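> The following comprises the amino acid sequence and a computationally predicted model.
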Amino acid sequence: MFFRRLLKPDPVEGTAWTLYGQVVEAARQPGLFRDLGIPDSVDGRFESIVLHLVLVLRRMKRDFPEGEALAGALQEAFFADMDRSLREMGAGDLGVGKRVQRMAEGFMGRLSSYERALAAGFPGCAEDLKAALIRNAYGTVSDRPPDPQDLLDYVRTQVEALDRQPGADLRGGTVDFVLLEA
């Protein structure tokens, strides 16, 4: 199995990494931190990536079973990137596995929370989604968290754009995020 992967790369894995790169690019937009109040910190960047990843995974669920393998590979890319990031920040080998496990548990909780809130659709999901954004995206703000309305509007824009995107494009490695103005 290992040698087969060396000789013949998995195209789903490559597409997942391409999608993940676009998720990270959208999640690192300066306006998310400067204008929408997500903390510009390690935790805030993690929350931003998770939020964008959840939105893509939510959209991919419409394409199941065709998108199922890709959704799994996309999550694996996220966890591999978190592992790499922790090692670059100097986490010791013994602690990385436990920290990635905690991140995975946190991701799954956020995935569930955001999906549950978004299930009602807009505008019905607004209050539940605001609560999830305050708890997660603004969870490390030491003072009173900012009003999440602008971030809620941003999420709505992304959900609408992703819902309009053809599944074949998404499964082909293109995410149509609406980028903030610089």
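Arrived safely.
> Can you tell me what sits against stretch 16-27?
With CB atoms under 8 Å, 6 or more residues apart in numbering as the test, stretch 16-27 has contacts from 45, 48-49, 51-53, 56, 70, 73-74, 76-78, 81, 170, 173-175, 177, 179. (Each C-beta comes from the backbone N, C-alpha and C, glycine too.)
> now do stretch 132-145
37-39, 41, 43-44, 47-48, 50-51, 110, 113-114, 117, 146, 148, 151-152, 155.
> Neighbours of Glu160, how many?
Neighbour count for Glu160, taken as other CB atoms under 10 Å: 12.
> Same check on Pro123?
So Pro123, with other CB under 10 Å, has 10 neighbours.
> For the chain, give me the ranges with low pLDDT.
Along the chain, the model assigns pLDDT under 70 to residues 1-8, 90-95.
> Try it again at 50.
In the prediction, the chain carries no residues with pLDDT under 50.
> In space, not sequence, find me the middle residue of it.
Residue closest to the mean C-alpha point of the chain, counted by CA atoms, centre = their mean, is Leu53 at 2.0 Å.
> how close does that residue sit to Met60?
10 Å (CB to CB, to the nearest Å).
> which residues do the two both contact?
With CB under 8 Å, 6+ apart as the test, Leu53 and Met60 both reach Leu74.
> any idea how far the longest helix seen in the chain is from the chain center?
As assigned by DSSP state H, the longest helix anywhere in the chain is helix 93-118. Computed by CA atoms, centre = their mean, to the nearest Å, the separation of helix 93-118 from the middle of its chain amounts to 11 Å.
> And the next helix or strand past that helix?
Downstream of helix 93-118, the next assigned helix or strand under DSSP states H and E is helix 126-135.
> List the buried residues of the following helix or strand past that following helix.
On the C-terminal side of helix 126-135, the closest following helix or strand by DSSP H and E is helix 149-164. For helix 149-164, burial by neighbour count (16 or more other CB atoms under 10 Å) applies to Leu151, Leu152, Tyr154, Val155, Arg156, Gln158, Val159, Leu162.
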